[in-house]
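Engineer: Sequence plus the predicted model coming up.
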Amino acid sequence: MPAMQYNHPISDMPVRWRIVLTALSCGLCLTACKRQVQAPPPMMPEVATVTVTRQLVRLTTELPGRTSPYRIAEIRPQVNGLILKRLFTEGADVKEGQELYQIDPAPFQAALDNAKAALGRAEANLPAIQGRVSRYKEALADKAVSQQDFDDASAALRQAEADIKYYQAMVETARINLNYARVVSPISGRIGTSTVTDGAIVTAYQPVALATIQQLDPIYVDVPQSATELLRLKRRLEAGQLKHDAASANKVRLILPDGSDYPLEGTLQFQDVSVDPTTGSVILRMVFPNTNGMLLPGMFVRGVVQDGVNEQAILIPQQTVARDPKGNPVALIVNAENKVEQRLLVVDREIGDQCLITAGLEAGDRVIAEGSQKVRPGVPVKAVPFGQEAKPEAIPATTAPTKPVAKSN
């Protein structure tokens with residue numbers, strides 16, 4: 001069987017057409033290679049910046065503390081006796097002068113009656129002795145009685161007068177003890193549990209209190225402040241970095257344990273004059289109204305104290321502050337040449353979502369707030385205001401190189 005022969009279309013062409021097709025193919029290859037080599041021009045990185053300005057800021061400090069009663073009274077009996085009746089409800093509010101316990105008054109009433117009787121006897125003898133002294137005095141002038149008789153009568157008069165004063169004091173003592181049989185509240189407040197019941201025997205000024213009353217409106221809040229921080233604050237006030245605001249210097253706020261703000265404003269009453277050697281802190285005592293009874297003794301709270309007013313404060317968002325490998329706070333800024341520059345900062349404190357800067361920045365500096373991940377110091381950038389959405393620049397269109405499609409015969 002004869003072998004089959006295949007004729008290629010190009011092999012059948014004349015030589016001159018082969019040369020033209022070869023030139024066209026080379027031209028197409030060079031064009032494709034040229035398109036692959038050419039790349040779009042690089043884009044300048046775009047960053048969002050915050051312009052630094054100076055502003056007035058009222059600086060405050062949050063200090064942890066605990067509440068304590070404004071006044072506290074431990075109820076103890078002042079006489080010995082038997083408790084006849086408890087006259088209050090445990091956990092209720094009591095008023096000053098309200099009767100709390102009734103001690104058996106019978107012995108004290110008897111002592112008062114006895115003292116009154118003795119006083120009456122002494123007062124009954126006084127007129128007779130006074131008359132005797134008067135008669136002896138007249139008789140002494142006529143030499144009718146001796147000087148000794150007159151002196152004895154005068155001494156008896158002074159003794160009778162002293163006895164009257166003594167029994168008067170006995171009557172007053174018996175009356176006081178009778179009044180002490182009624183145990184009354186010395187202050188207004190909330191009373192706790194009773195340690196005795198009806199029929200209990202109590203003694204005067206016993207070590208165990210019958211009950212405890214706490215005045216909770218107003219209420220104290222005691223917070224410790226570091227002595228080091230106190231000295232630093234005084235130096236800043238003396239240097240003029242802070243100004244004392246007399247209008248709100250003694251006004252304080254309170255943050256409750258759940259993080260909410262206490263609705264009523266308090267007053268800074270005093271600052272202790274001694275430093276606790278175990279903690280190195282000074283106690284600040286605040287007074288808050290507690291009309292609704294929201295604050296209870298022993299509650300853990302945070303007091304917000306006014307430090308002063310900084311009229312030239314620099315605040316920047318917290319997201320603009322980073323840390324270098326040594327842990328120092330730094331920020332990236334865009335300088336006058338629109339290049340990235342790194343600044344070492346001194347951060348005083350955080351205020352909300354901002355940082356208070358005391359060194360490293362000046363008014364007018366543009367701090368990078370967004371886009372810092374794609375730049376480094378020395379790189380030129382395009383700065384736009386923070387919060388303004390950047391519009392993407394037009395990217396030159398490029399045609400992807402096409403692969404030759406194989407044709408099947």
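Structural biologist: Good, I have the coordinates.
Engineer: since we're on S188, how many residues are nearby?
Structural biologist: S188 sits with 16 neighbouring residues when counted by other C-beta atoms under 10 Å. No exception for glycine: its C-beta is placed from N, CA and C like everyone else's.
Engineer: same deal with I83?
Structural biologist: So I83, with other C-beta under 10 Å, has 20 neighbours.
Engineer: That one and Q102: what is the separation?
Structural biologist: Noted for I83: a distance of 7 Å to Q102, by C-beta to C-beta, to the nearest Å.
Engineer: what does V50 give?
Structural biologist: 74 Å.
Engineer: Who has more neighbours out of these two?
Structural biologist: V50 (21 against 17).
Engineer: what comes up buried for the helix or strand D113 falls within?
Structural biologist: Using DSSP states H and E, D113 sits in helix 106-141. For helix 106-141, burial by neighbour count (16 or more other C-beta atoms under 10 Å) applies to 107-108, 111-112, 115-116, 118-119, 122, 129, 132-133, 136, 140.
Engineer: remind me, longest strand of this protein?
Structural biologist: The residue-count maximum for a strand in the chain (DSSP state E) belongs to strand 54-75.
Engineer: what residues does whatever helix or strand comes next after that one touch?
Structural biologist: Remark: after strand 54-75, the chain's next helix or strand is strand 81-86, criterion DSSP H and E. Strand 81-86 is contacted by residues 100-104, 107-108, 181, 194, 196-202 when judged by C-beta atoms under 8 Å, 6 or more residues apart in numbering.
Engineer: Quick one: work out the angle between strand 81-86 and helix 106-141.
Structural biologist: 130 degrees (axes from the mean of the first three to the mean of the last three C-alpha atoms, to 10 degrees).
Engineer: model confidence over strand 81-86, on average?
Structural biologist: Mean per-residue pLDDT for strand 81-86: 95.
Engineer: Could you list the buried residues of it?
Structural biologist: Buried-residue list, strand 81-86, by 16+ other C-beta under 10 Å: G81, I83, R86.
Engineer: list the buried ones in the one helix or strand L178 maps to?
Structural biologist: With secondary structure defined by DSSP H and E, L178 is part of helix 147-180. By 16+ other C-beta under 10 Å, the buried positions in helix 147-180 come out as 150, 153, 156-157, 160, 163-164, 167-168, 170-171, 174-175, 177-178, 180.
Engineer: Please name every helix or strand in contact with that helix.
Structural biologist: helix 106-141 (3 or more C-beta pairs under 8 Å, 6 or more residues apart in numbering; DSSP states H and E).
Engineer: now with 10 Å?
Structural biologist: Judged by 3 or more C-beta pairs under 10 Å, 6 or more residues apart in numbering; DSSP states H and E, helix 147-180 is in contact with strand 99-103, helix 106-141.
Engineer: Pretty sure R58 is one of the things N310 touches, is it not?
Structural biologist: Yes. N310 is in contact with R58 according to C-beta atoms under 10 Å; the separation is 8.0 Å.
Engineer: Which one of the two is surrounded by more residues?
Structural biologist: N310 (21 against 14).
Engineer: Pick out the residue nearest the middle of the chain.
Structural biologist: Note on the chain: the residue nearest the mean C-alpha position is G303, at 1.7 Å, using C-alpha atoms, centre = their mean.
Engineer: Is that one in a helix, a strand, or coil?
Structural biologist: Three-state call for G303 (DSSP: H, G, I helix; E, B strand; the rest coil): strand.
Engineer: Does it have any beta-bridge partners, and if so which?
Structural biologist: Taking DSSP bridges as the rule, G303 bridges to L63, L254.
Engineer: residues in contact with it?
Structural biologist: By C-beta atoms under 10 Å, 6 or more residues apart in numbering, G303 lies in contact with 60-65, 221-223, 225, 252-255, 262, 266, 268, 284-286, 288.
Engineer: I'd like to know which of the residues you listed are buried.
Structural biologist: If you count burial by 16+ other C-beta under 10 Å, the buried members of those come out as 60-61, 63, 65, 221, 223, 225, 252-254, 262, 266, 268, 284-286, 288.
Engineer: pLDDT below threshold where in the protein?
Structural biologist: 1-42, 239, 241-242, 244-249, 388-409 (pLDDT under 70).
Engineer: Take the buried residues of strand 81-86 and write them to TSV, including distance to S274.
Structural biologist: Below are the buried residues of strand 81-86 laid out as TSV (distance: C-beta to C-beta, whole Å):
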residue	distance to S274
G81	43
I83	42
R86	42
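Engineer: circling back to that earlier point, tell me which of the contacts of strand 81-86 is nearest to P329?
Structural biologist: When the contacts of strand 81-86 are compared for distance to P329 (C-beta to C-beta), S194 wins out at 59.1 Å.
Engineer: Tell me the spacing between the nearest residue to the closest one once chain neighbours are set aside and T203.
Structural biologist: Spatial nearest neighbour of S194, excluding adjacent residues (C-beta to C-beta, 6 or more residues apart in numbering): A211 at 5.0 Å. Distance from A211 to T203, counting by C-beta to C-beta: 16 Å.
Engineer: Also L210?
Structural biologist: L210 sits 11 Å away from T203, taking C-beta to C-beta as the criterion.
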